[in-house]
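Student: Take this sequence and fold it.
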Amino acid sequence: MLENERIKVLSERAGFNLCGIAPVKKFDNNRVVYDRWLNCGHVSSLEYMCRNIDMRFDASRLVEGAQSVVVCAVSYKSAISGGYGSKDNCKIASYACTTDYHKTIKKMLLYILHELQKEYPSLQGRAFVDSAPILEKQYAVEAGLGWIGRQSLLITPRYGSYILLGELVLCDRVDVYDTPYGGIGCGECRRCIDHCPTKAVQENMTINTSQCISCRTIEAEQEGKIDLNGWIFGCDECQNCCPYNRKAMMHDNERFDPIFDPRQIRADEWLEMGDDDFMSRFGRTPLKRCGLERIKQNIKK
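Tutor: From the prediction side, this is the model:
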């Protein structure tokens, strides 16, 4: 049996700000809400959200023998988070201004797993960072890290929603599981709903992805046009207005320091940029996912 305290120590050493542990369980109630969301057509071009649904709500189907889920979170808040002015018209979500978090967090998770395997040689487990259909935000709630806000993001009391999540699904029990979060949460606040420029944040705590600027600038292109409000990759509008984010601590892990500042790059510089220059400057960041041509298209829209 694994020790909760030991996992927490390794998580801190790896560079995470938060860590919680929950037992594997089925989320039947979440499945009902999810099916309703799919049926209303708000999934738009995110076809991957329609696949492997049984795995999404039962981690034991994702990893054979799974018994515990370790949820780790790291803050990425920087001066860019909430730092755009009214004249900025080439805005990029602040998480994307750093080295691609998928690779960074995966290495951090594997450090924890490998250290545990030194002490428990028979331990089996897998690490996930947006790479599998696991209900990571709900597991984060079960592990006591925070609550799911009206904008459907995980919000934590200390770091707001400017956090990135990663999970270890382990095939062993833990001596003590963390208590699910039971705080006040969003209360009566609805700023994320009211401040979304395209009304993508729904009253029922879901997102209409056909109206979501982040989806429109990154995911498979869709028919019809919406006002991107100056965003060319991702969108932080529903986060920038959140009271918890305004008072959230700045990130303290240097691996999540911004490596460029979008506020210093004009539209004409983006439009005149060549592929080699783009890859040299941004090839290590999430911007590589959509590529230079898509960014140029977003600027012109």
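
Student: next SSE after the lowest-mean-pLDDT helix or strand in the chain?
Tutor: Among the helices and strands of the chain, helix 53-56 carries the lowest confidence by mean pLDDT, DSSP states H and E, at a mean of 88. Using DSSP states H and E, the helix or strand that directly follows helix 53-56 along the chain is helix 59-62.

Student: tell me the average confidence for that next one?
Tutor: The average pLDDT for helix 59-62 rounds to 94.

Student: what packs against it?
Tutor: helix 53-56 (3 or more Cβ pairs under 8 Å, 6 or more residues apart in numbering; DSSP states H and E). C-beta coordinates here come from the backbone N, C-alpha and C atoms, glycine included.

Student: residues in contact with the least confident helix or strand of the chain?
Tutor: Arg31, Tyr34, Arg61, Leu62, Ala132, Pro133, Ile134, Leu135 (Cβ atoms under 8 Å, 6 or more residues apart in numbering).

Student: Just the pLDDT for the first one.
Tutor: The predicted local confidence for Arg31 comes out at a pLDDT of 92.

Student: Pull the distance from the host helix or strand of it to the chain's centre.
Tutor: Assigned by DSSP H and E, Arg31 belongs to helix 28-39. On the basis of Cα atoms, centre = their mean, to the nearest Å, helix 28-39 is displaced by 20 Å from the centre of the chain it belongs to.

Student: next one: stretch 236-245
Tutor: Worked out by Cα atoms, centre = their mean, stretch 236-245 lies 14 Å from the chain centre.

Student: What mean pLDDT does it get?
Tutor: Across stretch 236-245, pLDDT averages out at 97.

Student: Can you give me the end-to-end span of it?
Tutor: Taking Cα to Cα, to the nearest Å, stretch 236-245 runs 11 Å from one end to the other.

Student: can you list contacts of that stretch?
Tutor: 77, 81-82, 84, 91, 93-94, 149, 151, 153, 155-157, 160-162, 189, 191-192, 195-197, 201, 213, 229, 231.
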